[in-house]
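# everything below, folded, please.
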Amino acid sequence: MSTLPTVLPDSRDLTAHNVLALIRVALEAPDLGSGVVPTLNELIDHTAAVGAAYFQATTEDASAPLIYQVRAAAGELPDTPGMQAIAAHGLPADTPLMRALLARRTPMFFDDTAAQPQTAGFPELGVLSLAAAPVVGKRGELLGAFLMHTFVPHAWSEAEVQLFSSVAGIIAALIVRLAAEEQANATREAALRALGLALEARDRETQGHTDRVTQMALQLAEQLELDETETQALRWGAYLHDIGKIAIADAVLHKPGKLSEEEFTLMQTHVVFGHQFASALGFLPSEALAVVLQHHERWDAQGYPAKVGGEEIHLLARILRCATCTTP
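Numbers count the residues shown, from 1 in each chain. From the prediction side, this is the model:
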């Protein structure tokens, strides 16, 4: 463990202004990764660490052993098979370090990982000194951990200890918020997809139509280099694009053959009903609502419901229109 021998040179001091800037970035970050990476970079810039990472507990399969996956990383990682495996598959919860962080719940500093039982396995990874800070949830569970490391033994100075402890503590509090928001978004996304699948069954669509249309739309979004916020709005809009069909009578929705003019006019109202339904959910962004409302508009303004055309149609709605026209 660190003997706290020296103070870093002034050139490495992280000022209060820098810390406030990091907090502002984390508060405004749209996702966990973009909120954490600037902090990891600052730790590398102002300590002897050559690399840093944030590991977060996975929650996808409650029956599987708990794993801490890399959610954000900066600097250099050891080029060893063991580290490559951890980067790909995560750090098991029964790792001595993770057990120690859960028990102690405060930052820990190891000048020589070969000399401490808590860091067993790290020398073989190529990590020879280590600083680790836990992120603890409201119920006392270990949500994740910040780690920074060197490739040679290093006595962590008092200044480095204070910096890592203070920054990690502040950002850890924000991580709890970001992780909760991610979980809420994941729950919303699952519910939206379930609605789309339920409608698919009622509409007698080809099985998997919802997922295929969504995937095609996301592939187009990737080609257009849309950002994550736009991509999420497109994905959510795609799940719900036909939700308004719940308001269409079965006699029209399931009618074999061509619809009459009156029936087709009624069918067209599904986008308006869908927009009303999606708006009532209260959390969908305006871009997702535009997908639901405008995905039957056409470039030549001969679509519905408003007969807008060209670039008056929201880009995300145009993307979904292309996806629905090319996907069975």
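# contacts for stretch 259-277 next, please.
With contacts defined as C-beta atoms under 8 Å, 6 or more residues apart in numbering, stretch 259-277 is touched by 240-249, 252-253, 255, 289, 292-296, 304-305. Placement of C-beta: from N, CA and C, glycine included.
# so which of the residues you listed belong to strands?
Cross-referencing those with the strands (criterion: DSSP state E) gives no overlap at all.
# so after the helix or strand of the chain with the lowest mean pLDDT, what's the next helix or strand?
Lowest on mean pLDDT, DSSP states H and E among the helices and strands of the chain sits helix 16-28, with a mean of 64. Using DSSP states H and E, the next helix or strand after helix 16-28 towards the C-terminus is helix 32-46.
# and that following helix, what does it pack against?
helix 16-28, strand 51-57, strand 67-75, strand 142-150, helix 158-202 (3 or more C-beta pairs under 8 Å, 6 or more residues apart in numbering; DSSP states H and E).
# coming back round to it: buried subset of the contacts of stretch 259-277?
With neighbours counted using 16 or more other C-beta atoms under 10 Å, those contain these buried positions: 240-246, 248, 252-253, 289, 292-296, 304.
# can I get stretch 287-306 as PDB, trimmed to CA atoms?
Taking only C-alpha atoms (Å, rounded to 0.1, in the frame of the first residue of the first chain), the coordinates of stretch 287-306 have been written out as PDB:
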ATOM      1  CA  GLU A 287     -37.500  13.600 -33.000                       C
ATOM      2  CA  ALA A 288     -39.000  10.200 -32.100                       C
ATOM      3  CA  LEU A 289     -42.500  11.700 -32.300                       C
ATOM      4  CA  ALA A 290     -41.700  13.000 -35.700                       C
ATOM      5  CA  VAL A 291     -40.800   9.500 -36.900                       C
ATOM      6  CA  VAL A 292     -44.200   8.200 -35.700                       C
ATOM      7  CA  LEU A 293     -46.100  11.100 -37.400                       C
ATOM      8  CA  GLN A 294     -44.200  11.500 -40.600                       C
ATOM      9  CA  HIS A 295     -43.000   8.100 -41.700                       C
ATOM     10  CA  HIS A 296     -45.700   7.900 -44.400                       C
ATOM     11  CA  GLU A 297     -44.900  11.300 -45.900                       C
ATOM     12  CA  ARG A 298     -43.200  11.300 -49.300                       C
ATOM     13  CA  TRP A 299     -40.500  13.400 -50.900                       C
ATOM     14  CA  ASP A 300     -43.000  14.400 -53.700                       C
ATOM     15  CA  ALA A 301     -45.500  15.600 -51.000                       C
ATOM     16  CA  GLN A 302     -48.000  12.900 -52.000                       C
ATOM     17  CA  GLY A 303     -47.900  11.000 -48.700                       C
ATOM     18  CA  TYR A 304     -49.900  11.500 -45.500                       C
ATOM     19  CA  PRO A 305     -51.100  12.900 -43.100                       C
ATOM     20  CA  ALA A 306     -49.900  16.500 -43.900                       C
END
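# quick one: the helices in the stretch 201-328 of the chain?
For the stretch 201-328 of the chain, helices defined by DSSP state H, counting those that start in this stretch occupy the ranges 209-223, 228-240, 250-253, 261-268, 270-280, 286-294, 315-326.
# mean pLDDT added to these, as TSV?
Below are those laid out as TSV (pLDDT from 0 to 100):
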stretch	mean pLDDT
helix 209-223	91
helix 228-240	92
helix 250-253	85
helix 261-268	91
helix 270-280	91
helix 286-294	95
helix 315-326	92
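# out of those helices, nearest to residue 107?
Ranking those by proximity to residue 107 (C-beta to C-beta) places helix 228-240 first, at 30.7 Å.
# buried set for that closest one?
Within helix 228-240, the residues that qualify as buried are 230-240, counting by 16+ other C-beta under 10 Å.
# reformat the helices and strands packed on helix 32-46 as a markdown table; add mean neighbour count.
Putting the helices and strands packed on helix 32-46 into a markdown table (neighbours: other C-beta atoms under 10 Å) gives the following:
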| stretch | mean neighbour count |
| --- | --- |
| helix 16-28 | 14 |
| strand 51-57 | 24 |
| strand 67-75 | 19 |
| strand 142-150 | 24 |
| helix 158-202 | 17 |
